[in-house]
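> No sequence on hand, only this structure:
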């Protein structure tokens, strides 16, 4: 059964040159995944994508929702942690409506036999910092190198340049070509289909620089409700404003 497309997007980096984002917006692009950098930018600052700040600012100017990706060269868990710290330093102070992707394409990573551990190390640091994370890789790599936990625990963006995606696992983005053309971009560009309403999910959960939405609880005196790991009992003095996420069994407004 075909999945319903939620939005159409692009992946961009310095290789697309200076983009005219007003034209991109007018061309119907609904989101953009921006390369923020690669490797260890704490030690090697030049590895931050030189167009990232401009692309981010222009997307915000023209109300184009954005995510980001970090291209990895990590062959050890410690290298992945350093890349995660580099990524956070680059993203700090910005808000993203789409996930932050660990871009895993290098044969040297797959040859370690520890691809899942390396990705997990990256994700743990990003998630602790409040980011909504996921894998970006090509279909055969997802099939051959990622275990079931990796494929099910994190959102997946899968690249396969074909008239159909032959990946049988769960996924939220399909990058279906690397030779797309979009008005406002002078080069070929990756084109994506997204099947998930990430802006709503990310904003409601308070991820990627956003604060969680809050809501009051409708309850009678003496009632109890669960939030997180705590159980609250409503009394005449109770006044609770809690995150919508995790509230069970009560209407919120």
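Good, I have the coordinates. Just so it is clear, the model here is predicted, and its values are computed rather than measured. Numbering: from 1, shown residues only.
> ok, how many other residues are close to the residue nearest to residue 60 when sequence neighbours are not counted?
Spatial nearest neighbour of residue 60, chain neighbours left out: residue 66 (7.6 Å); criterion: C-beta to C-beta, 6 or more residues apart in numbering. No exception for glycine: its C-beta is placed from N, CA and C like everyone else's. Number of residues near residue 66 (other C-beta atoms under 10 Å) recorded here: 21.
> For beta bridges, what are the partners of residue 66?
residue 32 (DSSP bridges).
> correct me, but it touches residue 59?
Yes. Using C-beta atoms under 8 Å, residue 66 is in contact with residue 59, at 4.7 Å.
> Mutual contacts of the two, please.
32, 34 (C-beta atoms under 8 Å, 6 or more residues apart in numbering).
> low-confidence ranges in this protein?
1-2, 213-253 (pLDDT under 70).
> how about residue 11, what does it touch?
32-35, 69, 175, 189-190, 192.
> out of the residues you listed, which is most surrounded?
residue 33 (28 neighbours).
> picking that back up, secondary structure for the contacts of residue 11 - can I get that in JSON lines?
Below are those laid out as JSON lines (DSSP: H, G, I helix; E, B strand; the rest coil):
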{"residue": "32", "secondary structure": "strand"}
{"residue": "33", "secondary structure": "strand"}
{"residue": "34", "secondary structure": "strand"}
{"residue": "35", "secondary structure": "strand"}
{"residue": "69", "secondary structure": "strand"}
{"residue": "175", "secondary structure": "strand"}
{"residue": "189", "secondary structure": "strand"}
{"residue": "190", "secondary structure": "strand"}
{"residue": "192", "secondary structure": "strand"}
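> Closest one to residue 128 out of the residues you listed, please.
For these, the closest approach to residue 128 (C-beta to C-beta) belongs to residue 69, at 19.1 Å.
> Hmm, residue 149 is touching residue 116, no?
Yes. Counting by C-beta under 8 Å, residue 116 is a contact partner of residue 149 at 7.2 Å.
> ok, the two, which is more surrounded?
Of the pair residue 149 and residue 116, residue 116 is the one with more neighbours under other C-beta under 10 Å, namely 17 against 10.
> Quick check: the gap between the more buried one and residue 104.
For residue 116, the distance to residue 104 equals 10 Å [C-beta to C-beta, to the nearest Å].
> got it, and residue 35?
For residue 35 relative to residue 104 (C-beta to C-beta), the value is 14 Å.
> same thing with residue 82?
In terms of C-beta to C-beta, residue 82 sits 16 Å off from residue 104.
> which residue ranges form the helices in the stretch 51-200 of the chain?
Per DSSP state H, counting those that start in this stretch, the stretch 51-200 of the chain carries helices over the ranges 52-61, 77-91, 107-110, 115-128, 139-145, 148-153, 198-205.
> Using CSV, lay out those together with distance to residue 26.
Below are these laid out as CSV (distance: least, C-beta to C-beta, whole Å):
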stretch, distance to residue 26
helix 52-61, 13
helix 77-91, 27
helix 107-110, 38
helix 115-128, 33
helix 139-145, 32
helix 148-153, 37
helix 198-205, 20
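> Of all these, which one is nearest residue 99?
Nearest of those (C-beta to C-beta): helix 198-205, 6.5 Å.
> Next, the residues that contact that closest one from outside, please.
31, 65, 67, 96-99, 132, 172, 208, 210, 212-213, 244-245.
> How about stretch 184-194?
The contact list for stretch 184-194 (C-beta under 8 Å, 6+ apart) reads 5-12, 15-17, 19-24, 26-27, 30-31, 33, 98, 157, 159, 172-182.
> and the residues you listed, which are buried?
Neighbour-count burial within the contacts of stretch 184-194 applies to 6-7, 9-12, 16, 19, 21, 24, 30-31, 33, 98, 157, 159, 172-177, 180, 182; the criterion is 16 or more other C-beta atoms under 10 Å.
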